[in-house]
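In: Here's my sequence, what's the structure:
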Amino acid sequence: MMVSSGRKSEKTIHHQFDPADDSVTLETVLTMIEALRKKHPDREVFFDGDEYSICSRPKHKHGAHRRS
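Out: Numbering: from 1, shown residues only. This next block holds a predicted model:
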């Protein structure tokens, strides 16, 4: 599921977890991140702790300034 957050950061939410779900393990999160990195090599994939989700944003070329 790719859902854009609508922010200027161009962040896309791929999967949002339920914080109350105790079955989610670190291994689960890391496996999902690795799969998304392979599927989207042009994107920086990361875990957003504030949104409890796996997100991505376009990778910036060297020398480009990143906007917050």
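
In: which other residues reach stretch 33-51?
Out: For stretch 33-51, the external contacting residues (Cβ atoms under 8 Å, 6 or more residues apart in numbering) are 11-14, 16, 29, 53-59. Placement of C-beta: from N, CA and C, glycine included.

In: Any of the residues you listed buried? List them.
Out: 11-14, 29, 53-57 (16 or more other Cβ atoms under 10 Å).

In: so what pLDDT did the most centrally placed residue in the chain get?
Out: By Cα atoms, centre = their mean, the chain has its centre lying nearest to residue 55, at 1.6 Å. Reading off the confidence values, residue 55 has pLDDT 97.

In: go on, the one 4 residues further on?
Out: The per-residue pLDDT reported for residue 59 equals 91.

In: again with residue 10
Out: Reported pLDDT for residue 10: 86.

In: Hmm, it is touching residue 55, no?
Out: No: at 10.3 Å, residue 10 and residue 55 do not qualify as touching, with contact defined as Cβ atoms under 8 Å.

In: Show me what residue 44 bridges to in the sheet.
Out: Under DSSP bridges, the beta-bridge partners of residue 44 are residue 57.

In: quick one: low-confidence ranges for this structure?
Out: Applying pLDDT under 70 to the chain flags the ranges 1-9, 61-68.
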